[in-house]
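Asks: let's see this in three dimensions:
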Amino acid sequence: MSQSQPETLKAMPTARSAILDRIKARGAATLQELADELEHTREAVRQQVRILMDQGWLVRERLPSEGRGRPEHRYTLSEAGDHLFPKHYDRMSLALVDTLAEELGEEGLKRMLAALTDRQVDEWRDRLAGRPLPERLKQLQGIYYEDDPWTEVDRDERGWVLVERNCPFLNLAQRRPKLCSVTVSTLSRLLGVEVRREARFQDGDRRCVFRVLADRPLPEGFRFAFEDEAEPTG
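Replies: Residues are numbered from 1 along each chain as shown. Predicted structure coming up:
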């Protein structure tokens, strides 16, 4: 089995991973086709396929009936099952960002990231309208995805922080940290005050800590800034 395959697939029993491999290669397969190719009994394959369906990795579709016998089915990977196999989204995203930076230059890249920030702010603005800062911050625990269990809100003697322990874009962020400025600027605009990162995955901290500077309101018209700029500018 390829060492680049996700841990979930590598950790599966060999019989199940072999079934997924064959269906991935064929596109779809019946129980009999799987049994013949894997040299297992049909019943043994049926048991493993049932488990894979229960886990959400496979779906089945009924084939047109050719008689009065039991209807035949064929099995395909579900969307989740397909994602068990290697993907290279980071590589494509990195190439896209680098190409845009080369074509547009630093200012062009900044305009693009500002537009991305605008989209995120628009997505959240109505949900946060009228809420006090602590409630807005609590809602923003889900800035990457809903019910995020690895992001939490905390408060210390200096005020509020948002602590992110799992970055869903870590590989890309490690290589192009300027992209993280989108999150910082989005948080700043939605909270109405300056936000700065005090800890970073890129620095080996194993988390990102976003400090909310409640006594530093954003300048009027602020839209986006790179983190390494001295002060946010519109």
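
Asks: how far off centre is stretch 115-124?
Replies: 17 Å (CA atoms, centre = their mean, to the nearest Å).

Asks: list the buried residues for it?
Replies: Using 16 or more other CB atoms under 10 Å as the test for burial, stretch 115-124 gives 117, 120-121, 124. C-beta coordinates here come from the backbone N, C-alpha and C atoms, glycine included.

Asks: and that stretch, what's its mean pLDDT?
Replies: Across stretch 115-124, pLDDT averages out at 96.

Asks: can you pull the pLDDT of the residue most central in space within the chain?
Replies: Nearest residue to the geometric centre of the chain (CA atoms, centre = their mean): Pro168, 4.6 Å. If you check Pro168, the pLDDT there is 83.

Asks: also the one 5 residues further on?
Replies: Per-residue pLDDT puts Ala173 at 88.

Asks: in this structure, which helix or strand is least confident?
Replies: Least confident helix or strand of the chain, by mean pLDDT, DSSP states H and E, is helix 7-10 with a mean of 72.

Asks: and it, what does it pack onto?
Replies: helix 14-26 (3 or more CB pairs under 8 Å, 6 or more residues apart in numbering; DSSP states H and E).

Asks: elements contacting the helix it packs on?
Replies: helix 7-10, helix 31-38, helix 42-54, strand 73-77.

Asks: so where do the strands sit in the protein?
Replies: Taking DSSP state E as the criterion, the chain carries its strands at 29-30, 58-62, 73-77, 151-156, 159-164, 193-199, 208-217.

Asks: domain boundaries for the protein, per the record?
Replies: According to automatic domain parsing, the chain comprises the domains 7-82, 106-217.

Asks: export the ones you listed as JSON lines, with columns for distance to Val97.
Replies: Shown next, in JSON lines, are the domains of the chain (distance: least, CB to CB, whole Å):
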{"stretch": "domain 7-82", "distance to Val97": "25"}
{"stretch": "domain 106-217", "distance to Val97": "6"}
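
Asks: lowest-confidence stretch among those?
Replies: Minimum mean pLDDT among those: domain 7-82, a mean of 89.

Asks: just how off-centre is that domain within its chain?
Replies: For domain 7-82, the distance to the chain centre is 27 Å (CA atoms, centre = their mean).

Asks: the strands of the chain: which one's closest to Leu172?
Replies: strand 208-217 (13.9 Å; CB to CB).

Asks: measure the residue nearest to Cys180 when sequence neighbours are not counted to Ser188 for me?
Replies: Among residues not flanking Cys180 along the chain, Ala173 sits closest, at 5.5 Å (CB to CB, 6 or more residues apart in numbering). Here Ala173 is placed at a distance of 18 Å from Ser188 (CB to CB, to the nearest Å).
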